[in-house]
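*Asks:* Build me a model:
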Amino acid sequence: MSLESVLKKDVITVDKNSTISEIQDLFEKQRDLIVVSNGSFYEGIINESLAYKINYDPTTTKVKTLMKVAPKLSGNENIEEVSKLMVESGFKTLPYVLQDGTLGGGVFADDVITQSRNVFRNIAVKDIMTPDPVTLDVDSTIGQLLSTMRNAGVSRVIIMDGKKIAGIVTLHDIIQKVIKPKFRQKRDRPIGEIKEIAQGSVKSIMTEDVKTVEENSNAFEAFELMKRFRFSSVVVTNKSYLSGIVTKEDLLRQIASMNVNEPSIFLQLSRKGVIEELEYDPETIRSRMLSLTRKYSRILQNSSITIYVSGDQKQKRGKPHVIIRIQVNGPYVKTSVTGEGWGIRNSLVDAIHKLEKVLEKRRMSLTKGVSEIELQELLESVLP
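*Replies:* Here you go, the predicted model:
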């Protein structure tokens, strides 16, 4: 499918010299705003999570200070390539840029998923969801919530009351209900006020009317639910009990991996000012993962592997504390492992070692008699 089928020329843009206050209302119309200069030259992308920084004065801080550069589309990409760029960049809107540098339009995740409906014809929600999502007790504080999100590297947490789903809190909820109302005209924020926010209850900001989908439902039904309520994810249940969570990112990842037998590797790298440039080498991470995928190629065929890299403020001998989470979604194995250490190299080794244990155990279980993979190949060879 060509890019032209999802390209929109009429998109909302903001000037890089606008202040954050001037563009706040536009996020309700378009979550990722495309930044331009001189009226039409592409500069970058800004969204809510980038715009609402608590230490910046929104009345004076300009868009160009907080924007990020997203991958540019040239018009030669197909839907699968666009989906992969969205997953890896974290942006659900990508700019189409003409040869002279001017903006020719944009491509939105909702349109990409809608146009790819046939991809999900035989895909159940459970096939692409994240099992065992991050949860928190309903009596927790906002401070505990923020710590959980930071440490787990997630943008949404499901709130539980025992085994019952009580609510959900997303980064959007925090921005709208905590950060945005507390935005001040001045940069200085009293310590007491920050402490007061942290001690607040998650009940005060969670969404209680949680939209859910059964794990055996078609994956596209989950997307239709997201689109109807303008959500980026929905909670997955198994007979009303929490089973997982599925996001637009999961759907895009499935589209990106179509027509590819070998594993598709996605990198989501979150540099928080603590990972040095020389240490931050995506190609090194990718090459290490490729070695592992070759070893377990049969188990990992038609799988998507997402690697999340983040760091915090801790350091040891000049090395930052790095956390790497590897998530595997495929027909023969679904798992998530986390490694950590001082520097990317050590944390990657830890994560890969844990993943290899899971894959080896899975391989051994499949080699007893006729493996599931061989059985699937046999069925495909004899069925019309």
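
*Asks:* Contacts for the lengthiest helix in the chain next, please.
*Replies:* Criterion DSSP state H: the longest helix present in the chain is helix 344-366. Applying CB atoms under 8 Å, 6 or more residues apart in numbering, the external contacts of helix 344-366 come out as 275, 279-281, 284-285, 288-289, 292, 296, 299-300, 309, 319, 322-326, 328, 332-333, 335, 337-341, 372-373. Quick note: C-beta positions are derived from backbone N, CA and C, even for glycine.

*Asks:* Type out the ChimeraX command that picks the buried ones from those.
*Replies:* Paste this into ChimeraX to select the buried members of the contacts of helix 344-366, with burial taken from 16 or more other CB atoms under 10 Å:
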select :275,279,280,285,289,292,296,299,300,309,319,322,323,324,325,326,328,332,333,335,337,338,339,340,341,373
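
*Asks:* Kindly format the C-alpha coordinates of the longest helix of the chain as CSV.
*Replies:* Presented in CSV, the C-alpha positions along helix 344-366 are these (Å, rounded to 0.1, in the frame of the first residue of the first chain):
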residue,chain,number,x,y,z
ILE,A,344,24.3,0.3,28.1
ARG,A,345,26.7,-2.6,27.4
ASN,A,346,26.2,-4.1,30.9
SER,A,347,22.4,-3.6,31.0
LEU,A,348,22.1,-5.0,27.4
VAL,A,349,24.1,-8.1,28.4
ASP,A,350,21.8,-8.6,31.4
ALA,A,351,18.6,-8.3,29.3
ILE,A,352,19.8,-10.6,26.5
HIS,A,353,20.9,-13.2,29.0
LYS,A,354,17.5,-13.3,30.6
LEU,A,355,15.8,-13.4,27.2
GLU,A,356,18.0,-16.2,26.0
LYS,A,357,16.9,-18.3,29.1
VAL,A,358,13.3,-17.8,28.1
LEU,A,359,13.9,-18.6,24.4
GLU,A,360,16.0,-21.7,25.3
LYS,A,361,13.2,-23.0,27.5
ARG,A,362,10.7,-22.4,24.8
ARG,A,363,12.8,-24.1,22.2
MET,A,364,13.2,-27.2,24.3
SER,A,365,9.5,-27.4,24.9
LEU,A,366,8.9,-27.2,21.1
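
*Asks:* pLDDT of that helix, averaged?
*Replies:* Throughout helix 344-366, pLDDT has a mean value of 82.

*Asks:* domain parsing for the protein?
*Replies:* Taking automatic domain parsing as the reference, the chain has its domains at 3-108, 120-250, 260-366.

*Asks:* Any chance of JSON lines for those domains, columns distance to residue 114?
*Replies:* Shown next, in JSON lines, are the domains of the chain (distance: least, CB to CB, whole Å):
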{"stretch": "domain 3-108", "distance to residue 114": "8"}
{"stretch": "domain 120-250", "distance to residue 114": "8"}
{"stretch": "domain 260-366", "distance to residue 114": "20"}
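
*Asks:* which outside residues touch stretch 90-105?
*Replies:* Contacts of stretch 90-105 (CB under 8 Å, 6+ apart): 3, 7-11, 13, 30-32, 34, 36, 40-42, 45, 47, 68, 70-75, 82, 85-86, 106-110, 232, 248, 268.

*Asks:* for this protein, what's the longest strand?
*Replies:* strand 304-316 (DSSP state E).

*Asks:* Can I get the buried part of the contacts of stretch 90-105 as one PyMOL selection?
*Replies:* Buried subset of these, written as a PyMOL selection, criterion 16+ other CB under 10 Å:
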select buried, resi 3+7+11+13+30+31+32+34+36+42+45+47+70+71+73+82+85+86+106+107+108+109+110+232+248+268
